[in-house]
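Okay, predicted coordinates and the sequence, questions at the end:
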4 protein chains.
Amino acid sequence: MIKFDSDYVEGCIPEILEALAASNEEQTSGYGVDPHCDNARELIKKACKAENADVHFVVGGTQANVIVLNSLLKPYQGALCADTGHINVHETGALEMTGHKCLTLPTENGKITAADVEKAIVNQRDDGSAEHIVQPGAVYISWPTELGSLYTKKEIQALSRVCRKYNVPLFCDGARLGYGLASKNCDMKLTDFAKYCDVFYIGGTKVGALFGEAIVINNDAYKANFRYYIKQHGAMLAKGRLLGIQFEQLFTGNRYLTVAKHAMAMADMLADALKEKGYSFLSEPETNQLFPILSNKKIRELQKNFGFSLNGAIDKDHTAVRFVTSFMTKEENVKALIKAL
Amino acid sequence: MIKFDSDYVEGCIPEILEALAASNEEQTSGYGVDPHCDNARELIKKACKAENADVHFVVGGTQANVIVLNSLLKPYQGALCADTGHINVHETGALEMTGHKCLTLPTENGKITAADVEKAIVNQRDDGSAEHIVQPGAVYISWPTELGSLYTKKEIQALSRVCRKYNVPLFCDGARLGYGLASKNCDMKLTDFAKYCDVFYIGGTKVGALFGEAIVINNDAYKANFRYYIKQHGAMLAKGRLLGIQFEQLFTGNRYLTVAKHAMAMADMLADALKEKGYSFLSEPETNQLFPILSNKKIRELQKNFGFSLNGAIDKDHTAVRFVTSFMTKEENVKALIKAL
Amino acid sequence: MIKFDSDYVEGCIPEILEALAASNEEQTSGYGVDPHCDNARELIKKACKAENADVHFVVGGTQANVIVLNSLLKPYQGALCADTGHINVHETGALEMTGHKCLTLPTENGKITAADVEKAIVNQRDDGSAEHIVQPGAVYISWPTELGSLYTKKEIQALSRVCRKYNVPLFCDGARLGYGLASKNCDMKLTDFAKYCDVFYIGGTKVGALFGEAIVINNDAYKANFRYYIKQHGAMLAKGRLLGIQFEQLFTGNRYLTVAKHAMAMADMLADALKEKGYSFLSEPETNQLFPILSNKKIRELQKNFGFSLNGAIDKDHTAVRFVTSFMTKEENVKALIKAL
Amino acid sequence: MIKFDSDYVEGCIPEILEALAASNEEQTSGYGVDPHCDNARELIKKACKAENADVHFVVGGTQANVIVLNSLLKPYQGALCADTGHINVHETGALEMTGHKCLTLPTENGKITAADVEKAIVNQRDDGSAEHIVQPGAVYISWPTELGSLYTKKEIQALSRVCRKYNVPLFCDGARLGYGLASKNCDMKLTDFAKYCDVFYIGGTKVGALFGEAIVINNDAYKANFRYYIKQHGAMLAKGRLLGIQFEQLFTGNRYLTVAKHAMAMADMLADALKEKGYSFLSEPETNQLFPILSNKKIRELQKNFGFSLNGAIDKDHTAVRFVTSFMTKEENVKALIKAL
C-alpha cells in the first residue's frame, strides 16, 4: 500500500534523527528554556527578519491554534474564520472548550475576504444588541488553506489592513506553511507573515519534523505571559529541547524550503499528469494537497494499492478525493500512482 | 555542570533512537491507529494482565491528568487530591480550565488516606447544602507522589475500596511509575494498578522515553469516546506512531523496569551516602527523588558544579533541596556529587 | 412613545403583584424548595399531563438554555440548532462559555428539519475523522422560533422520531410558548411538548410574569443532579419562592393561555391591518412577533411616536421591522399604530 | 415554625412592593438600560461618593462573584480568598466552571490578612516554576465574612495597599454589606469601599430587596465591556428595570442602612441574651449571623419550633448553630427564641 493520505504518514528528515542521537546524552533544562530552543528561536527570527518577535514551540497544530486564540481573545469574543477552517471543523471543538465561538464566514476555495471580515466586525459593533452577540476578537486564517489554496500577498495585506483598522489581531495557521512558500503560485515570503500577521505559526510536523510547530508573535501586545497559556493547555513539553533540536535542523541553511520544494515537485508532477489525463479538480491545485474528481470505479480500483481520502461525492458516479505529497514522498510512488490513474 | 534537577534533563534509551530511525520511512496512518501503537497496546495490556483494558497514548503528564479527569467528572464535580498533588500545584490550573475544582485533602508525605477520602465524600453528600458544594467525582493520587513517597499495597487497596463503595473512580498518575516499581520499598506490582485503579497511566517521559504517557482504562464505564477527549485537548499526536514506537521499546522484555532500576541504584547510592554523612531528609527516601536538608553554605558551594532545585527553607541556615536521578544518570556523576557533599 | 420593541417592556399580570404582596411576610426556605414552588410544580405537571416530569425554575431564558444544554451534552458534544437560533446569535456565546459548540443548520423561516438533523448526526458518525468533529449531542429548537414561526405537530413528531432513533435529546426553548399555543395557526398542545421533547421550558418572562422560566424534564435520563447545574450557573434564586409564586398564578385555571391570547388578538389585529394596507412580510405572521417590510420614509415617521426594532435592510428604500405585542399590550396603542401606518 | 435559617426567608420591604405595583404599566427598554436603573445608579454613586464608578445590577450573589472575577482574571489566573470564602465552598465551583482556581488562604474568623496575600503573590512570582503555578490575579474578600466577622478599616486599607502594590485588583463581596455597616463594631463607611476596593457589590437580596446586587466598579481599568460578561453569564435580566426599581427604593434617603439597623437590633438583642445565659460562640458576634454553641439536647428541643442551621459539631454533646436575623425579623419572634433558650 502506497499512502497519499496525508503529509504525516512518515517520520522526519534524516538530519533530525542524527541531531536527536547526537544530543541524546546532553543535559539541559526542561520546558523549552535550553540552548537548542534558544538557538532555534534565533534562526527563526532571522529567517523571518523579525528580531523582536517572541518564538514558542508546541507539539501540534491544534495546540498552537487554541493556545494562540485563547491568549488573544477576551471571554466574550470569538474568532472569525472560514466555515471550512480547521478550528471550526476538525478540532473537536477545542476552541469552544476554552469558551470561544468560531464566527464563521462563507468561503470560496477556503479563503475569507477582507470585505467579509470588515462587515462582520462592523455589523456586530453597530448592532443595537451588540452586547448579546459574540464580539469578533481575532481573525484566523490558514495558509495554505484546508483546500490547499493560497491567499495572495494582496489578499493578506487587505486582511491585515482591516484587522489593524479595528484593532483585531490577525493569526495565521501555518501548519503547511512550507508547502505554500514552495508553491509556484506563491507571491508571499516568510518575512511577509511577520510583517502582516500579529501571530502566525510555522508548521514542522507536516514539513520535515517528527512533530512541532513554531509560534511567532510579532505584535508586542500579545507577548506577555504566553508560557502560562502553553503550560495550562498541557502543551509545555518536558524535554522541550526536542522541539528546539528539530527546528534548528529545519532552519539550518535553506532546509525548510528545500524539503518543502520536494513535496511540491511531487505534487506538481502528479497534478500535471492528472490534468493531462483530463481529470478535473474540486479546487485548483496550488500546494501539496490535490483534490481531483475521479469516477467511483477508478477509486475502487486505486484503493487496492493506494491510500488516499475521499472528500465528498460530486454526483452519483464521481467523488472528489485528496492526494497529499510530503517532504518524504518517493518519486517512484508518484509514478506508480500516475500509471494507475 | 552536572544536573540532578529532574528526570527529564536527558534524551532517551538508545533502543528508542534506533527504533525511530528504523521506522522512519514506513508509511502509517496518523493519530495513534497504526501497527506500532497497536503492538504497544498489546504489550502493555499483557504486562498489566489487563486484556480488556483500553490503552491510549499522549505526549505528556498534564495532558494525561486533565484528559482523564475531564472524562471522569461531570461538570459539577471535582477531583479529590493531596494538597501537594501535581494537578493542584504545578499545572497552572489546567484542570480548572476545563471547569473542575481540585478538592484538596491535607497530606503527610504526599499521600492521602482512604479515611479522609471517605469523609470528604460523605460530608459533601450529607451536607444540607450539598447542591451548593462541588461533588467529589474522582480521586486523584500519584504513585510515586510529588514527595517521592509510595502508597503501600494496603493503602491502595483501602483507597480502592472506598472509591468502589461510593462509585467514585480512582485515578493514579504514574508519571514516575517505573521508579516506584523499582524501589526497594515497593510492595505493588504493575498488575495491581490494573486491579485497584479505574484508570492509571504509565509514565514514559521520565522513565526512558523522549516523551509519552500510556493511559490504561480498566473500568468499562470510562472507556467510551475517550479519543474525542484526546483530540479536543489538542493531545492527539499527528504522527501518533512515535508514541507506539517508544512504548514498544519500553515494554519489550522487562526493559521498563530495568531502566528504572538503574535510576534507583543511583538514587540509593546517593541516599546512602547522604545518610552516612549525617544529612537529614524532608521526607524519607523511597524513590528517585531525594529531599535532603543542606546548609545554605553547602548549597552555594554545590551550585557551582551541580544543578538541583531548592524545596523550601527549613530555618535561616538550612534549606531542603531536591536531587533527582534518572534512567540515564551516570555513576561517575553521582560519585562526583557524593564527593562534593 | 408607545413601545412595540419586545414582549418585556412592561411588568406582569396584576394577580402576580397581588400574590407577591400577600406572601411577603411568609417565611420559607430558600433556593426553590418551598411550598409555592412545590405547588407550582404540581400545577405545571398537571397542565402538561406529565406526572413524572421534574420541574425547575430559573430566572431567564439564557440561563434555561445553557443549563439544560450543559446538563445534556458531554464535553465533546455540541447542540444542533438553526443558524438563526437564539443560542447561536443572541446569548454572547453563553453555550460556548461552557465548552460547547453550536452546530448550525441552515433554516427557512427559523425552523430546522428532521431530515437535516438526521443528516448532520449521520455525517458526523460516519466520517472517517469522526473523532476530530464535534458530535451532535442534543437538538435545540425554539417554539415559536426567533422569526415567530411555529413548527407543526407533524414537524415536531418528525424531529422527535429522529432524536429518539439516534438517542440524541430534543430540547425546546419555549420563551414564547404561550404565544405559540394561543396562535390561530397552532396545532400543538402543551401536553405534546411533554410527549415529544426530552426537555422543554415554559416561558414566564415574556408571557405574564415579572421573570421566570419553568424547565420541564420529561426523560428520566436527564433528571439527575439538575439542581447542581442550576447552582453552578449562578441561577439558583435565593428567594426561590418568587418563581413559584409567579408560576402558581400563571397556571391557576387557564390563565397562562388566556393572557397569551390577548397578545395574539392584538398581533392579529395589527397583522390584518398591515395586510389590508398592502404591506408584505419578511416571514408570514404566526405569533406575536410581526416582521412587516416598510419604506424607510415610513419608518422614520413612525419612530417619532413608536418604539420597534429594525430587522435588516430589504433594498435601499425598504427595511424589515419587528413589532411585538404582549400580554399587556393596550388595544388603543395598537389602533394608534395602525392609524399611523 | 419561626425561621432563623437565613436572611432570605421573607420577601422585601413594603416600599419595593409599592414601587413594583406603581411602575407595572410603564413601558421601558429591557436589559438594564431604563430610567429606573439609571436613577438607581445615580443614587448609589452618590451614596458611595463615587461619581466615576460604573454600576451594574444582577439578580444574585453567585452571579456577581463569578462575573466580576471572570472579568478581572486572565485565563491563567486565580482568585486569592479565604478557605472559608463563599466562592470556594458554596457556589458549586461556579468560578472553576469559568476556568479559574480559588487560591485559598488559611483564615481565622473568616478574614484573610494583607501579609498572607502579599506572601502568596510574591511566592508565586518568585518561584522558579512560576509558569506552572496559577497566578494570583485578584483578591476576593467578603464583608461581612461567611462567619459574620468584619474587617476593620485598617485591615481593608492594608489589603488595598498590597493589592495596589502588585497591581492585583481587590474585590469585595458585599452580599450582607448593609448589616456590616449597621453593626456596632463597624468602622467602615460605604464610601470607604469605593475608596479601597477596585470592585465591590452592595447586596440587595439579603438586605431589603426581593433580589438584586449592585456591582460598583471603581477602577477604570476594569470597566470596559462589562455588560458582555453579564449577558454571557445569563445574568442580564430581560425586565432589567426590576433591579433598578428595587435599588431606587433601597437608596432613597437612608433606607438601606435603616432596614439593616433593624436586623442588627434584633441580632444584638439575641446575642446579648445568649451571652447572658452563658452560651459561648464559634465566632464573636459582629453582624446578623450568630454562631452560638448549644447542647445537642437543647438543639433537638428548639428544632420543634424554630428553624436554624447546624454549623459543625464541637464535641459529642455540643454543636455550633447559626441564627440569622434580617430586615424583616419580628421582635416577638426573637423574644420567643430567647425564651426557648
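Arrived safely. Numbering: from 1, shown residues only, chains lettered A, B, ... in the order given.

Quick one: name the residues of the stretch 1-150 of chain A near chain B.
A:1-3, A:5-6, A:8-12, A:14, A:17, A:20-21, A:23-30, A:59-63, A:66-67, A:91-94, A:97-98 (C-beta under 8 Å from any C-beta of the partner chain). Every residue, glycine included, has its C-beta placed from N, CA and C.

same deal with the stretch 201-341 of chain A?
A:205-206, A:210-211, A:228, A:231-239, A:242, A:307, A:328.

which residues in the stretch 51-200 of chain A form strands?
A:54-58, A:77-82, A:102-105, A:135-142, A:170-173, A:199-203 (DSSP state E, counting those that start in this stretch).

roughly how far is the first one from the heart of the chain?
Centre-to-centre, strand A:54-58 and its host chain are 15 Å apart (C-alpha atoms, centre = their mean, to the nearest Å).

try the longest one
A distance of 15 Å separates the C-alpha centroid of strand A:135-142 from that of its chain, computed with C-alpha atoms, centre = their mean.

for the stretch 151-300 of chain A, what spans make up the helices?
A:153-166, A:177-181, A:190-196, A:226-232, A:241-250, A:255-276, A:296-302 (DSSP state H, counting those that start in this stretch).

The nearest residue to A:Ala313 once chain neighbours are set aside: what secondary structure?
Nearest non-adjacent residue to A:Ala313, counting by C-beta to C-beta, 6 or more residues apart in numbering or on different chains: A:Thr319, 5.2 Å away. In three-state terms, and counting by DSSP: H, G, I helix; E, B strand; the rest coil, A:Thr319 is strand.

number of nearby residues for A:Lys184?
By other C-beta atoms under 10 Å in any protein chain shown, the residues close to A:Lys184 number 9.

residue contacts, it?
A:Met264, A:Asp268 (C-beta atoms under 8 Å, 6 or more residues apart in numbering or on different chains).

That one and A:Thr145: what is the separation?
17 Å (C-beta to C-beta, to the nearest Å).

try A:Cys81
Distance from A:Cys81 to A:Thr145, by C-beta to C-beta: 11 Å.

and what of A:Tyr228?
From A:Tyr228 to A:Thr145 the distance is 31 Å (C-beta to C-beta).

Counting neighbours, go ahead and name the busier of these two.
Counted by other C-beta under 10 Å, A:Tyr228 and A:Thr145 do not tie: A:Thr145 has more neighbours, with 26 against 23.

Phi first, then psi, for the nearest residue to the more buried one once chain neighbours are set aside.
With C-beta to C-beta, 6+ apart as the criterion, A:Thr145 has its nearest non-adjacent residue at 3.1 Å, and that residue is A:Gly110. Main-chain dihedrals, A:Gly110, degrees, to the nearest 10: phi 80, psi -10.

so what's A:Gly110 up against?
A:Ala82, A:Thr84, A:Ser142, A:Thr145, A:Glu146, A:Leu147, A:Gly148, A:Ser149, A:Ser283.

Identify the residues contacting the second one.
Which is A:Thr84. Neighbours of A:Thr84 in contact, by C-beta under 8 Å, 6+ apart: A:Thr107, A:Gly110, A:Thr145, A:Glu146, A:Leu147.

Chain B: which of those residues is nearest?
A:Glu146 (15.1 Å; C-beta to the nearest C-beta).

So for the closest one, what's the pLDDT?
Predicted confidence (pLDDT) for A:Glu146: 95.

Would you mind confirming that it is in contact with A:Ile87?
No - the criterion here is C-beta atoms under 8 Å, and A:Glu146 misses it with A:Ile87 at 10.2 Å.

so where's chain A uncertain?
Scanning chain A for pLDDT under 70 picks out no residues.

how far away is the residue nearest the centre of chain A from B:Asp7?
The residue lying closest to the centre of chain A (C-alpha atoms, centre = their mean) is A:Ala175, at 2.2 Å. For A:Ala175, the distance to B:Asp7 equals 32 Å [C-beta to C-beta].
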